[in-house]
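Sequence and computational prediction follow.
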Amino acid sequence: MGKEKVAFRRNLLNQCQKEFEKGNAPAAFKGSSKQREEAMAKQKKLMTGTIKFIGQLFNEDLLPDRIMHECIKHLLSNNNGSPVDEDLEAVCNLTKSSSKKLDKEGKGKKLMNQYFRRLQSFADAKGSDGRPQYQLRTTILIRNLVDTRNNGWQKSKWVKDEELKKLSEVRADFAKEKRIAPGSLPNINMDTAKEQERKETNQMSIDGGYGAAAPMMPVQTNRGINKINPTTGGRRRNNDRYQHQLSTTYREKTRAPRQGKVTDVSPDQTSSSTAARGGEAPAPKKRAFKLLSSSKAVVDIASVERLAGPEKEPSPEPAPQPVEQEPSQPGPSASSNPNLKVRRGGGKSISKDDAKAQLNELLLAYWESQGSDPGTEEAMKNVRKLMGASTKGWDQKEVGPWIIDIALNAETKITRARPLAGGLLVKFIAEGVILEEEVQGGFHEMLTFFEDMMIDIPKFPVYIAEILAEVFVAKSLGLGFLAKSLSDSEFTVGDVPACKTTPTEKHPFGLRASFLADLVNAMLEADEDADIGELLTGIDIAADYMGITDAEQKPQKEAEWIQNYDFGDIL
């Protein structure tokens, strides 16, 4: 029995893998364009079902985290890093189906941050003509997913359920929303709706119906203009064969007496009263009232009136209560860390989105000033104010990584955006506004996603090197952590390093050694008098950046690297 369970699970997962690898494109076949469109729609529907099924398998612990991350990365990297709309829709469905379980603290949270950063970049992407690169549907799916995650994976009240509901469920939801007992709602008779509507239509065609409110308004028909009875508002047709219908025009129309009001009666009833005939007064007829003009349901007016009850005087509005502020997070003070010279927390509460927006405005103003003294003073003043705010869904230690992220995504038209951001980090560290370990942690997080970042930002190695160079030249941080971050395999699929050392045609010494060369050039750009040899002290270029551990080959390979990048004069 145990073997059968294992075999079933293996076959199930293998089948899911086959369907997933098929993607959204159907197999090649001969046929008309219409047949191909139908096949593509069928395959897309099948792919959507497969994606949702994979998510449910993960929720039932039948799939490990690694497989889920591999699926998401595969979809995001399709088409050389430019996935099509169907791929992004599949990512949204897969992420939504696994939601909280996949977005857990630690490795999962960091990977999800990376995925959502890329999804947001796709939602904001513009084509060469300035128009959105992806369909509006795809953009809305991504933004709804981002909002749901920011809301703690709780569905917004504006997002409606896609499932159809029974009438009883709709009534229950309405009663709950209006705080009404479900049993006291008016009776809705759906079975006799069509018959009632037919009767109302006949009534309106004979005696004018609601048109009696404007008795002199002519009505255009296919037979010409009907004459209007000025007394009752009823339409009198020109054709004599319809005259016999006028005998039924003036039917009794009685409204239930309400709060002492006189009952309206038709002209036929004015000649004799019920009391004069000596009979008992007939029970008042219930007037049918339609909920909406397009509705087929008929509501009993008397039931609505009983539900409404007697009119009540409006109750006085309650006095506004003071809004309770969330308890502030004091954060570490100068006494808790000797390098931290600015107290954190205790000020006005600020949300994560507002904090990032303020930091973005701070950097834009600093870049506009090109790092001038007044611009630096203003940036220092604003960042101190931000650090003194009480946090709401974020922490002050995130400010350093945010600066790095904003600088990496800065527009190319901003002159020296990344070197200036690196220089500002140096000043913040020197003034004790941000701690060294916080900045190093921000760089480490970016570097552990090295090749993934290159998909989003093709020039990522050069851009991150420009920021790092300012920090290394100022000796605010050392280069020792770089090799560890680049060789980290925690967030990669297949336990491969974040930045490979394997030689390729484009990178003959490997991508990691190529990045080290970019960093050396950036440090020379930051300070042409910088002692590169001193900065690289303790760095094993051959082992850490080229993956060569043979003691005999290491000197030769290092010499070839130095010669290839023309570093002979500085190393």
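Thanks, I have it.

Skipping adjacent residues, who's closest to residue 460 in space?
Counting by Cβ to Cβ, 6 or more residues apart in numbering, residue 460 lies nearest to residue 453, which is 4.4 Å off, once chain neighbours are set aside. The way it works is simple: take the backbone N, C-alpha and C, and place the C-beta from them, glycine included.

Could you say which helix or strand holds the one you found?
helix 450-456 (DSSP states H and E).

Would you mind writing the CA trace of that helix as PDB?
Taking C-alpha atoms only, helix 450-456 is exported to PDB below (Å, rounded to 0.1, in the frame of the first residue of the first chain):
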ATOM      1  CA  PHE A 450      23.000  38.900  -8.300                       C
ATOM      2  CA  GLU A 451      22.000  37.200 -11.500                       C
ATOM      3  CA  ASP A 452      18.300  37.700 -10.800                       C
ATOM      4  CA  MET A 453      18.900  41.400 -10.400                       C
ATOM      5  CA  MET A 454      20.600  41.400 -13.800                       C
ATOM      6  CA  ILE A 455      17.300  40.300 -15.300                       C
ATOM      7  CA  ASP A 456      15.600  43.400 -13.900                       C
END
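
Can I get the next helix or strand after it in PDB, CA atoms only?
Proceeding N to C from helix 450-456, the next assigned helix or strand is helix 460-473, under DSSP H and E. This file holds the C-alpha atoms of helix 460-473, laid out as PDB (Å, rounded to 0.1, in the frame of the first residue of the first chain):
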ATOM      1  CA  PHE A 460      23.300  45.800 -12.200                       C
ATOM      2  CA  PRO A 461      27.000  44.900 -11.800                       C
ATOM      3  CA  VAL A 462      28.200  48.400 -12.900                       C
ATOM      4  CA  TYR A 463      25.500  50.200 -10.900                       C
ATOM      5  CA  ILE A 464      26.100  48.300  -7.600                       C
ATOM      6  CA  ALA A 465      29.800  48.700  -8.100                       C
ATOM      7  CA  GLU A 466      29.400  52.500  -8.300                       C
ATOM      8  CA  ILE A 467      27.700  52.600  -5.000                       C
ATOM      9  CA  LEU A 468      30.100  50.200  -3.300                       C
ATOM     10  CA  ALA A 469      33.100  52.000  -4.600                       C
ATOM     11  CA  GLU A 470      32.300  55.200  -2.600                       C
ATOM     12  CA  VAL A 471      31.800  53.200   0.600                       C
ATOM     13  CA  PHE A 472      35.000  51.100   0.100                       C
ATOM     14  CA  VAL A 473      37.200  54.100  -0.900                       C
END
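
thinking again about what came up before, helices or strands up against the helix holding residue 453?
Counting contacts by 3 or more Cβ pairs under 8 Å, 6 or more residues apart in numbering; DSSP states H and E, helix 450-456 packs against helix 107-124, helix 460-473, helix 511-526.

send the alpha carbons of the helix or strand following the longest one over as PDB?
Right, the one you point to is helix 107-124. Toward the C-terminus, helix 107-124 is succeeded by helix 136-150 as the next helix or strand (DSSP H and E). Output of helix 136-150 as PDB, limited to C-alpha atoms (Å, rounded to 0.1, in the frame of the first residue of the first chain):
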ATOM      1  CA  LEU A 136      -4.300  46.500 -18.600                       C
ATOM      2  CA  ARG A 137      -5.600  43.200 -17.300                       C
ATOM      3  CA  THR A 138      -2.100  42.100 -16.400                       C
ATOM      4  CA  THR A 139      -1.200  45.400 -14.700                       C
ATOM      5  CA  ILE A 140      -4.400  45.300 -12.600                       C
ATOM      6  CA  LEU A 141      -3.700  41.700 -11.600                       C
ATOM      7  CA  ILE A 142      -0.200  42.600 -10.400                       C
ATOM      8  CA  ARG A 143      -1.300  45.700  -8.500                       C
ATOM      9  CA  ASN A 144      -4.100  43.900  -6.800                       C
ATOM     10  CA  LEU A 145      -1.700  41.200  -5.800                       C
ATOM     11  CA  VAL A 146       0.700  43.800  -4.400                       C
ATOM     12  CA  ASP A 147      -2.100  45.500  -2.500                       C
ATOM     13  CA  THR A 148      -3.300  42.200  -1.100                       C
ATOM     14  CA  ARG A 149       0.200  41.400   0.200                       C
ATOM     15  CA  ASN A 150       0.600  44.800   1.700                       C
END
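
For the very next helix or strand once past helix 136-150, list every residue counted as buried.
For helix 136-150, the succeeding helix or strand toward the C-terminus, using DSSP H and E, is helix 167-178. For helix 167-178, a neighbour-count test (16 or more other Cβ atoms under 10 Å) marks residue 171 as buried.

any idea of the mean pLDDT in helix 167-178?
Helix 167-178 shows a mean pLDDT of 78.

What is it packed up against?
Using 3+ Cβ pairs under 8 Å, 6+ apart as the contact definition, helix 167-178 packs against no other helix or strand.

okay, now residue 467: neighbour count?
Neighbours of residue 467 under the rule other Cβ atoms under 10 Å: 27.

In this structure it contacts residue 404, no?
Yes: contact criterion Cβ atoms under 8 Å: residue 467 and residue 404 qualify, at 6.2 Å.

which residues are common contacts for the two?
421, 425, 443 (Cβ atoms under 8 Å, 6 or more residues apart in numbering).

Buried only: go through the residues you listed for me.
Judged by 16+ other Cβ under 10 Å, buried ones among those: 421, 425, 443.

which stretches of the stretch 251-400 of the chain have low pLDDT?
251-336 (pLDDT under 70).

in the stretch 301-450 of the chain, which spans are helices?
All helices of the stretch 301-450 of the chain, identified by DSSP state H, counting those that start in this stretch, fall at 301-308, 352-368, 373-387, 399-408, 417-430, 436-447, 450-456.

And those: which comes nearest residue 484?
Nearest to residue 484, of all the helices of the stretch 301-450 of the chain, is helix 436-447, at 8.1 Å by Cβ to Cβ.

list the helices and strands the closest one packs on?
Secondary-structure packing of helix 436-447 (3+ Cβ pairs under 8 Å, 6+ apart): helix 399-408, helix 417-430, helix 460-473, helix 480-486.

hmm, who's touching it?
Here helix 436-447 has contacts from 110, 339, 397, 399-405, 408, 425, 429, 453, 464, 467-468, 471, 476-477, 481-482, 485-486, 488, 498-499, using Cβ under 8 Å, 6+ apart.

Mark which of those residues are buried, thanks.
For the contacts of helix 436-447, buried by 16+ other Cβ under 10 Å: 397, 399-405, 408, 425, 429, 453, 464, 467-468, 471, 476-477, 482, 485-486, 488, 498-499.

hang on, the earlier thing: could I get the helices and strands packed on helix 436-447 as a markdown table with distance to residue 384?
Converted to a markdown table, those look like this (distance: least, Cβ to Cβ, whole Å):
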| stretch | distance to residue 384 |
| --- | --- |
| helix 399-408 | 11 |
| helix 417-430 | 10 |
| helix 460-473 | 20 |
| helix 480-486 | 27 |
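
Residue 532: which of those helices is closest?
helix 460-473 (9.5 Å).

Show me which positions of the closest one end up buried.
Those would be 460-461, 463-473, for helix 460-473 by 16+ other Cβ under 10 Å.

With stretch 540-556 instead?
Residues 541, 542, 543, 544, 545, 546, 547, 548, 554 are the ones in stretch 540-556 that count as buried (16+ other Cβ under 10 Å).

CA atoms of it as PDB?
Output of stretch 540-556 as PDB, limited to C-alpha atoms (Å, rounded to 0.1, in the frame of the first residue of the first chain):
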ATOM      1  CA  ASP A 540      42.100  35.900  -2.800                       C
ATOM      2  CA  ILE A 541      41.200  36.900  -6.400                       C
ATOM      3  CA  ALA A 542      41.800  33.500  -7.900                       C
ATOM      4  CA  ALA A 543      40.000  31.400  -5.300                       C
ATOM      5  CA  ASP A 544      37.100  33.800  -4.300                       C
ATOM      6  CA  TYR A 545      36.400  35.400  -7.700                       C
ATOM      7  CA  MET A 546      37.600  32.800 -10.300                       C
ATOM      8  CA  GLY A 547      36.900  29.500  -8.400                       C
ATOM      9  CA  ILE A 548      40.500  28.300  -8.700                       C
ATOM     10  CA  THR A 549      41.800  26.500  -5.700                       C
ATOM     11  CA  ASP A 550      44.900  24.800  -7.200                       C
ATOM     12  CA  ALA A 551      47.900  26.600  -5.700                       C
ATOM     13  CA  GLU A 552      50.000  26.200  -8.800                       C
ATOM     14  CA  GLN A 553      47.400  27.700 -11.100                       C
ATOM     15  CA  LYS A 554      46.400  30.600  -8.900                       C
ATOM     16  CA  PRO A 555      49.300  33.000  -9.600                       C
ATOM     17  CA  GLN A 556      49.100  32.400 -13.300                       C
END
